[in-house]
Every structure is written in structure tokens, then in C-alpha cells.
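**Q** Predicted coordinates and the sequence they were generated for:
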Amino acid sequence: MGKYEIITAENLSAAELAKLIDHSLLFAYSTKEEILKFCGEVKEYGFGCAAINPRFIELVAQELKGTDAHINAPIGYPWGANLIETKAAEIYSCVRLGATDVDYVISVGAAVGGDWDYIKREAEAMVKAARDCQVPSKAILECCYLTDEQKVKAALAVKECGVDYVKTSTGFGSGWCTVEDVKLLKEAVGVDTGVKASGRVTDYKFAMDLIHAGASRIGTRAGVDVIKSMG
């Protein structure tokens with residue numbers, strides 16, 4: 001049995017689904033007051049993970065101390081165009097502040113241009129930093145800019161380097177996650193690597209469609225709406 005088998009249960013309870021959600025607040029203009037409200041949502045609904053920009057990691061780690069929620073740091077977010085060394089340093093810095101989980105954006109231009117050696121060198125550095133810090137790593141492919149062939153090649157390249165998850169989207173690109181992309185990525189990486197679906201997941205039905213397609217995690221800024229839409 002692989003670690004990331006497809007979840008086949010027809011329905012999940014609110015508590016079960018909340019544990020699969022990486023609830024996020026990643027706008028550049030988010031304020032401290034909004035972050036504190038966000039932390040209240042994570043605690044109230046029992047979300048499995050809180051994803052916030054690095055500036056607020058220490059605050060959120062303090063606010064969520066004593067809960068089961070992981071603290072997710074987005075690395076090289078949202079464009080992925082940072083130097084490899086900068087992304088690696090950001091992982092170490094964010095974990096020191098309290099992050100327990102990291103999502104890095106791949107160099108999307110390298111994938112579009114077919115520079116798979118660069119994608120692998122980057123992934124190796126990200127995985128090393130994450131493993132040094134004993135936290136899981138997710139590679140954001142930003143599928144909206146890639147062909148299906150490029151999505152598969154990118155997923156296999158980062159899987160080869162040891163990432164724990166491949167992720168569909170940042171939520172800030174020109175498109176968002178689709179059931180088709182989740183299926184494609186899951187078929188590519190198999191049961192030993194997870195798939196995180198992210199971007200415009202706003203209701204329970206879509207979240208369950210993504211989970212049945214192979215998503216092990218759901219990333220969304222609308223976590224509360226997803227739970228409330230269960231009826």
C-alpha cells in the first residue's frame with residue numbers, strides 16, 4: 001500500500017475534510033488583524049494546515065500553538081523565479097520561525113522551456129533543505145502555464161528528487177486546479193507521492209471531486225465556505 005492512496009469514501013465528515021484542507025491567506029495586502037481572524041478560523045473549523053506568507057509565520061505559530069494544525073510556508077511565492085539558493089535559504093528561515101510544512105513554486109519558465117536539469121537541481125536543493133529541517137515538501141507546478149506533457153515531465157522530475165507532494169497551482173496564476181489536472185498528476189506520480197489541489201476550491205462538491213481524482217490535500221482560501229457548503 002502506498003502512502004497516498006486515492007480516497008474512495010463517497011463522503012467525508014466536516015472534521016475529516018477539514019483535516020485535508022490547507023486553509024490559506026496569502027494576499028500581499030493581508031493585515032495582522034486579518035491574520036488573527038484567519039487563525040480563529042483554523043482553530044474553529046479544525047483545518048489541518050494554515051498557509052500564510054513568511055512575514056506572519058512566527059505570529060501564526062504562536063496563535064496556533066497547542067493545536068494540531070501545521071504551519072505552511074510558501075517558498076518563492078507566487079512566481080517561482082527566485083534563485084535556487086534564495087528558495088533554499090527561505091525554507092531554513094521559515095522553519096526557524098515555526099513553519100512545519102513548505103510549498104515551493106518551481107521555476108515555471110524552466111519547465112515551459114524544457115530545462116529539466118534546472119528543475120531537478122532546484123528540486124534537489126528544496127528537498128535537501130526540507131529534509132534538513134524535517135518538514136515535508138510540496139512542489140507547485142503552476143499547471144495553467146504548462147502543457148499536459150510538461151505537467152507530467154515536471155511532476156516526474158520533482159518526484160525523482162524526493163518531493164512529498166506535487167501541487168497544481170498557486171492560486172495567483174492565470175488558471176486554477178482542475179479535476180483533469182489532478183487525475184493526470186496522480187497517474188504520473190502514483191501512490192508514493194501526494195497530489196495537492198489548489199486554486200478556486202470553494203465548495204464541498206468540487207473538493208470531493210478533486211479528492212476522488214487523487215488529491216491528498218486541498219489548498220484554498222475558502223476553507224470556511226467549503227465546510228459550510230456541506231449542508
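**A** The structure has been received and is ready for your questions.
**Q** where's residue 71, which helix or strand?
**A** Assigned by DSSP states H and E, residue 71 belongs to strand 70-75.
**Q** partners of that strand in the sheet?
**A** The pairing partners recorded for strand 70-75 under DSSP bridges are strand 49-52 (parallel), strand 101-105 (parallel).
**Q** what sits up against the last one?
**A** So the one you mean is strand 101-105. 22, 49, 51, 70-80, 87, 91, 94-95, 126, 130, 135-140, 142, 167, 170, 196, 219 (CB atoms under 8 Å, 6 or more residues apart in numbering). Yep, even glycine has a C-beta here, placed from its N, CA and C like the rest.
**Q** which is the next helix or strand following it?
**A** Reading on from strand 101-105 to the C-terminus, the next helix or strand found by DSSP H and E is helix 108-112.
**Q** Just list the residues touching residue 94, thanks.
**A** Counting by CB under 8 Å, 6+ apart, residue 94 makes contact with 54, 57, 73, 75, 102.
**Q** what's it sitting at in phi/psi?
**A** Main-chain dihedrals, residue 94, degrees, to the nearest 10: phi -70, psi -40.
**Q** residue contacts, residue 88?
**A** If you count contacts by CB under 8 Å, 6+ apart, then residue 88 has 125, 126, 128, 129 around it.
**Q** Report the inter-axis angle for the helix or strand harbouring it versus strand 70-75.
**A** Secondary-structure assignment from DSSP H and E places residue 88 in helix 84-97. Angle, helix 84-97 to strand 70-75, by axes from the mean of the first three to the mean of the last three CA atoms, to 10 degrees: 160 degrees.
**Q** Quick check: the residue of the chain most remote from its centre vs residue 211, distance?
**A** Distance to the chain centre peaks in the chain at residue 231, reaching 26.3 Å (criterion: CA atoms, centre = their mean). According to CB to CB, to the nearest Å, residue 231 and residue 211 sit 17 Å apart.
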